[in-house]
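Chemist: Got a sequence here, can you model it:
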Amino acid sequence: MSDDAEEIEDGEGEGEAKSKPSIMKLGLFIGLPVLILLLGGVGAFMFLSGGGEEEVVAEHVDEHGEGHDGEGDHGDGHGSGEAHHEELYYYEISQESGHPIIVNIRGSDGRPLLMQLELSLEITDPHLVEVLDAQMPVVIDQMTTFLRELREDDLYGSAGNHRLKLELLRRVNLAIAPNEVNQVLILRFLISD
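Modeler: Below is the predicted model of the structure:
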């Protein structure tokens, strides 16, 4: 009888030992995928929300024309918190300015399409207008050479629009180097058959 009692106790001990690993396995099989999905969701949210964007602080100008960045920098204006404010000028590239950008591009099905662009170049130096006037044939050539290689699908959505602006800015700055344009603004963007 003592042997039977020991076997029963051993059987109960094995049952408890087996139940603990099965609970741990169950926790791993359920908890680990839930944790992975949760971390993936957080990662996707951070990626799609653009988590690394900098905060823009508005600049306030007092009656003396001195700028303050709104973070309590009310000193003499010579601290590192002072924002450097430059006056912006715009140079238009359009039909009205005598510089139309009209090119053929390929449609998604291979048919030719006509694309018309009107742009505005943001500059901070008013003397750059003379440089742009003198270099405009080179600027237009750089732009149209790039634009002719595009397909209709390359231009869809905000990502396509953003890439287009960056590529046009790069080409303008190459044409007028060492001078530089701040950004390219798209005023009109038309694609037709």
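
Chemist: Report the strands that pair with the helix or strand encompassing residue 119, each with its relative direction.
Modeler: Per DSSP states H and E, residue 119 falls inside strand 112-123. Paired strands of strand 112-123, with direction, are strand 89-93 (antiparallel), strand 101-106 (antiparallel), strand 183-192 (antiparallel) (DSSP bridges).

Chemist: Put together a markdown table for the ones you listed, with distance to residue 33, mean neighbour count and mean pLDDT on each row.
Modeler: (Glycine included, C-beta is placed from N, CA and C.) Formatted as a markdown table, the strands paired with strand 112-123 follow (distance: least, Cβ to Cβ, whole Å; neighbours: other Cβ atoms under 10 Å; pLDDT from 0 to 100):
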| stretch | distance to residue 33 | mean neighbour count | mean pLDDT |
| --- | --- | --- | --- |
| strand 89-93 | 54 | 17 | 91 |
| strand 101-106 | 45 | 16 | 90 |
| strand 183-192 | 45 | 13 | 90 |
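
Chemist: And the ones you listed: which comes nearest residue 140?
Modeler: Distance to residue 140, taken as Cβ to Cβ, is lowest for strand 101-106 among those, at 6.7 Å.

Chemist: Alpha carbons only: can I get the closest one in CSV?
Modeler: This file holds the C-alpha atoms of strand 101-106, laid out as CSV (Å, rounded to 0.1, in the frame of the first residue of the first chain):
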residue,chain,number,x,y,z
ILE,A,101,6.3,74.5,-69.3
ILE,A,102,4.3,72.2,-71.5
VAL,A,103,5.6,68.7,-72.1
ASN,A,104,4.4,65.3,-73.3
ILE,A,105,4.4,62.5,-70.8
ARG,A,106,3.4,58.9,-71.1
